[in-house]
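**Student:** Sequence plus the predicted model coming up.
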Amino acid sequence: MNQHAKIEVPPPQGKIAIRHSTCPHDCPSACALDVEVIDGTSIGRVRGSKVQPYTAGVVCAKVARYAERIHHPERLTHPMFRMGAKGSGKFGRISWDDALDEIAGRFDAAEREFGAESVWPYYYAGTMGIVMRDGINRLAHVKKYSRFYSTICSTIARVGFAAGTGRIAGVDPREMGVSDLVVIWGTNPVNTQVNVMTHAMRARKERGARIAVVDVYNNETMKQADIKILLRPGTDGAFACGVMHVLFREGYADREYMNRYTDCPSELEAHLKTRTPEWASAICGVPVDEIEAFARLVGQTKRAYFRLGYGFTRSRNGAAQMHAALCIPAVTGAWQYEGGGAFFNNFALWKFDESIVEGHDAIDASTRRLDQSKIGRILTGDPAALHNGPPVKAMLIQNTNPMTVAPEQALVRRGFARQDLFVAVHEQFMTETAQMADIVLPATMFIEHDDLYYGGGHQHISVGAKLIEPPGECRSNHEVLQGLARRLKISHPGFAMSPRELIDATLRKSGHGGIAGLEADLWRDLQPDFRTSHYLDGFAHQDGKFHFKADWANVPLRNAGMMGAWDKMPSLPDHWAAIEEADQAHPFRLATSPSRSFLNTTFNETPSSQAREGAPSVMIHPDDAAALGIEDGDAVTLGNPRGQTTLTARHFDGVRRGVLIAESIHPNKAHIGGKGINMLTGAEAVAPFGGAAFHDNKVWVKKADAEAIPTP
């Protein structure tokens with residue numbers, strides 16, 4: 001596990017002060033941190049806070065060695081302008097004033113010729129801090145630029161959870177530690193949110209609890225499980241239905257609970273009569289006896305905690321699958337018990353009023369919202385993706401690296417190569433997106449500015465204060481937006497405030513007091529009482545019931561309208577065959593699961609992460625490899641109608657036959673031939689509210705042509 005990794009950190013030289021902060025990265029753990037600050041100018045070791053009960057003294061190895069990243073010799077430290085061809089990497093130094101003048105001038109020029117919507121501020125979760133992540137929306141709203149519809153990460157799974165419970169909140173995640181059965185489904189927390197394992201392991205140690213893992217490969221989390229359920233990708237709904245069939249058939253369904261708390265238990269039972277373990281096994285690949293044994297264990301264990309993860313949000317049928325898995329603890333009545341029930345994310349708890357940060361008073365609802373995941377289609381002029389509006393002519397990009405992480409990379413590459421597209425990138429390193437920019441601006445890291453954080457995987461809010469000065473000429477996202485606002489001659493209270501003032505105002509408007517109080521507390525626990533968290537006074541739908549029957553058109557979540565084949569989604573739990581099924585030409589299903597030492601493309605640049613991850617590889621079952629004449633270590637090419645990528649084959653028997661796993665995201669340049677894994681992923685809007693299905697790809701695989709492999 002990450003927290004047990006040996007981390008080689010040289011002993012700090014100088015006076016050490018322990019300061020408090022919060023991890024800003026795109027991870028549900030949002031760990032509370034104790035940071036060694038050396039002589040007030042640099043940092044040493046980073047540790048998880050022992051006083052915050054969710055972090056509980058544990059932090060992943062990536063963040064523990066953060067000094068390696070923040071003091072990296074290749075950090076960007078001054079503004080630059082492009083001197084050579086796009087992507088050539090040839091840049092010259094420029095002053096901040098000249099850089100911001102150029103950006104504002106190009107934005108104004110695009111607006112004059114094509115309208116304000118031809119400018120698209122683009123961002124994501126390189127930081128989860130509210131001020132530094134979401135402030136870019138204030139620029140878009142005030143200027144009436146094209147707005148941003150966030151779809152890459154959690155949209156799909158959120159819809160599935162809310163369809164059942166009525167809101168995105170669940171059982172206190174610390175209750176995993178008092179559970180008798182922790183079911184980790186659709187997430188690999190050893191790689192992605194290590195604190196889940198802290199609490200699951202506590203239950204095992206103190207209570208003799210069992211840990212069950214449901215996933216598509218024998219990953220690092222599954223290797224530590226007592227019960228291992230290995231699925232084919234996109235078949236979780238079938239497995240869930242087979243389990244519930246057994247629960248009803250063998251008397252484990254809590255009928256009293258269902259009659260009181262759920263909408264249609266009799267209809268569900270009748271529906272599941274034909275969803276037998278044999279039916280489920282044929283779809284998901286899990287043997288019948290394993291389905292039945294898992295169902296009996298769940299049925300016999302009152303304190304069964306279902307920790308449902310982000311894997312559901314990477315599949316075309318992910319919302320329906322999340323809902324199906326979520327129905328299981330409602331059938332057994334596990335919600336009634338401490339250490340029982342389900343959890344995905346605590347989005348509903350924060351209720352932050354971001355009106356000043358985002359400039360809600362300036363929103364024009366008629367301004368188009370462009371889909372983040374469809375950036376390739378947008379930049380190549382797809383009329384539907386552009387909502388039949390003007391082309392995108394200018395962009396400011398913060399907190400994300402779409403040249404590597406966005407789907408449909410062939411289109412993304414073509415779009416960024418346009419000579420008529422102006423791009424300014426505000427970054428910490430020369431990413432593959434920054435290399436395509438016309439202007440590159442150096443950005444601060446989280447210890448170098450103030451921000452406000454929440455933990456999606458737990459229930460705490462906290463301030464991350466500025467601890468040291470940034471190197472060189474680095475400026476925060478907020479400072480860049482202030483500079484552009486002056487040059488664009490726009491005004492809004494948010495542009496005139498400091499980050500600390502924005503945090504204070506946001507906290508007060510949200511009913512959380514001011515910044516001083518939260519800093520004094522270090523963090524604040526917003527977990528509701530037991531009855532509320534377990535929905536014992538009713539679920540969050542208007543009828544107070546858990547909904548076995550999903551009303552997909554009316555799930556209580558903000559959205560940009562109905563998308564995909566939403567009208568064909570099953571209302572009751574089922575296997576919805578909306579996935580990109582393997583076929584004769586593409587006989588394999590590929591999942592691009594998260595790696596252990598990268599976080600999206602953050603940490604791609606740190607030597608320890610690079611050393612641990614090595615070269616990009618794809619896991620293939622030995623029997624599949626033998627049939628194709630592929631030896632362990634061979635270079636192989638994967639392809640589908642969207643594109644191709646070449647990487648190294650690894651024989652791995654921890655997958656079902658016909659399944660490939662490529663842990664990602666490596667830089668494109670690390671792949672043989674320079675084309676990364678997202679050449680293969682699609683951007684079709686997933687039902688019902690949009691999203692990108694990164695783990696849902698059909699591909700062919702073949703031994704790479706010798707001439708395609710560069711000679712060392």
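**Tutor:** Yep, it's here.
**Student:** Now tell me what touches the longest helix along the chain from outside.
**Tutor:** Looking across the chain with DSSP state H, the single longest helix is helix 96-114. By CB atoms under 8 Å, 6 or more residues apart in numbering, the surrounding residues in contact with helix 96-114 are 79, 81, 94, 118-119, 143, 390-391, 393-394, 396, 422, 424, 438-439, 441, 473, 475, 480, 483-484, 487-488. In short, each C-beta sits where N, CA and C put it, glycine included.
**Student:** Kindly report the same for stretch 327-336.
**Tutor:** The contact list for stretch 327-336 (CB under 8 Å, 6+ apart) reads 164, 171, 240, 243-244, 247-248, 252-254, 256-258, 261-262, 265, 268, 298-299, 302-306, 340-342, 534-536, 546, 548, 573.
**Student:** mind redoing it with 6 Å?
**Tutor:** With CB atoms under 6 Å, 6 or more residues apart in numbering as the test, stretch 327-336 has contacts from 244, 247, 253-254, 257, 262, 299, 304, 306, 340-342, 534-535, 546, 548, 573.
**Student:** Could you give me the buried positions within the longest helix of the chain?
**Tutor:** 96, 99-100, 102-104, 106-108, 110-111, 114 (16 or more other CB atoms under 10 Å).
**Student:** just checking, G340 touches R307?
**Tutor:** No: using CB atoms under 6 Å, G340 is not in contact with R307; the gap is 11.9 Å.
**Student:** related to what we said a few turns ago, next SSE after the longest helix of the chain?
**Tutor:** strand 119-123 (DSSP states H and E).
**Student:** ok, then the element right after that next one?
**Tutor:** Downstream of strand 119-123, the next assigned helix or strand under DSSP H and E is helix 130-134.
**Student:** Which residues in that next one does the neighbour count mark as buried?
**Tutor:** Across helix 130-134, burial judged by 16+ other CB under 10 Å covers 130-134.
**Student:** tell me what that helix is packed against?
**Tutor:** helix 355-358, strand 451-454 (3 or more CB pairs under 6 Å, 6 or more residues apart in numbering; DSSP states H and E).
**Student:** Deepest in the core, which of these is it.
**Tutor:** strand 451-454 (a mean of 26; mean count of other CB atoms under 10 Å).
**Student:** Please, where are all the helices along the stretch 501-650 of the chain?
**Tutor:** 515-521, 530-533, 607-613, 622-628 (DSSP state H, counting those that start in this stretch).
**Student:** Below-threshold pLDDT in the protein: ranges please.
**Tutor:** By pLDDT under 70, the low-scoring segments of the chain are 1-12, 707-708, 710-712.
**Student:** remind me, longest strand of it?
**Tutor:** When the chain is parsed with DSSP state E, its longest strand is strand 643-651.
**Student:** ok, the residue nearest the centre of the chain to P24 distance?
**Tutor:** Closest residue to the average C-alpha location of the chain: C153 at 4.1 Å, with CA atoms, centre = their mean. In this view, C153 and P24 are 15 Å apart by CB to CB, to the nearest Å.
**Student:** Please apply the same query to Q300.
**Tutor:** Q300 is 42 Å from P24, where distance means CB to CB.
**Student:** Of the two, which one has the most company?
**Tutor:** Comparing Q300 with P24 by other CB atoms under 10 Å, the one with more neighbours is P24, at 26 against 13.
**Student:** Next up, phi/psi of that one, please.
**Tutor:** Main-chain dihedrals, P24, degrees, to the nearest 10: phi -90, psi 0.
**Student:** Quick check: it vs V131, distance?
**Tutor:** 11 Å.
**Student:** In three-state terms, how would F306 be classified?
**Tutor:** The three-state assignment at F306 reads strand, by DSSP: H, G, I helix; E, B strand; the rest coil.
**Student:** nope, A424 is what I meant
**Tutor:** Strictly by three-state DSSP, A424 counts as strand.
**Student:** ok, it touching I439?
**Tutor:** Yes: between A424 and I439 a contact is recorded at 4.3 Å, counting by CB under 6 Å.
**Student:** Looking at the two, which has the bigger crowd around it?
**Tutor:** A count of neighbours by other CB under 10 Å puts A424 above the other of A424 and I439, at 27 against 23.
**Student:** element containing R202?
**Tutor:** Short version, using DSSP H and E: R202 is in helix 195-207.
**Student:** list the helices and strands the helix or strand just after that helix packs on?
**Tutor:** Counting by DSSP H and E, the element after helix 195-207 in chain order, helix or strand, is strand 210-215. On a contact count with 3+ CB pairs under 6 Å, 6+ apart, strand 210-215 meets strand 181-185, strand 227-230.
**Student:** any chance of the ones you listed in CSV, with mean neighbour count and distance to H72 too?
**Tutor:** Supplementary listing: the helices and strands packed on strand 210-215 in CSV, determined by neighbours: other CB atoms under 10 Å; distance: least, CB to CB, whole Å:
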stretch, mean neighbour count, distance to H72
strand 181-185, 27, 33
strand 227-230, 20, 38
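**Student:** Of all the ones you listed, which one is nearest L326?
**Tutor:** Distance to L326, taken as CB to CB, is lowest for strand 181-185 among these, at 9.7 Å.
**Student:** partners of that closest one in the sheet?
**Tutor:** According to DSSP bridges, strand 181-185 forms sheet pairs with strand 210-215 (parallel), strand 304-308 (parallel).
**Student:** ok, back up a step: so which of the buried residues of helix 96-114 comes closest to R45?
**Tutor:** Using CB to CB, W96 is the member of these that lies nearest R45, at 32.9 Å.
**Student:** CA atoms only for stretch 160-171 - export them in CSV, please.
**Tutor:** Extracted as CSV, the C-alpha positions of stretch 160-171 are listed here (Å, rounded to 0.1, in the frame of the first residue of the first chain):
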residue,chain,number,x,y,z
GLY,A,160,-26.6,6.7,-10.4
PHE,A,161,-26.2,7.3,-6.7
ALA,A,162,-28.7,10.2,-6.6
ALA,A,163,-31.2,8.1,-8.5
GLY,A,164,-31.4,5.8,-5.5
THR,A,165,-30.9,8.0,-2.5
GLY,A,166,-32.1,11.4,-3.8
ARG,A,167,-28.8,13.2,-3.0
ILE,A,168,-25.0,12.7,-3.1
ALA,A,169,-24.3,11.8,0.5
GLY,A,170,-24.0,8.6,2.5
VAL,A,171,-22.8,6.9,5.6
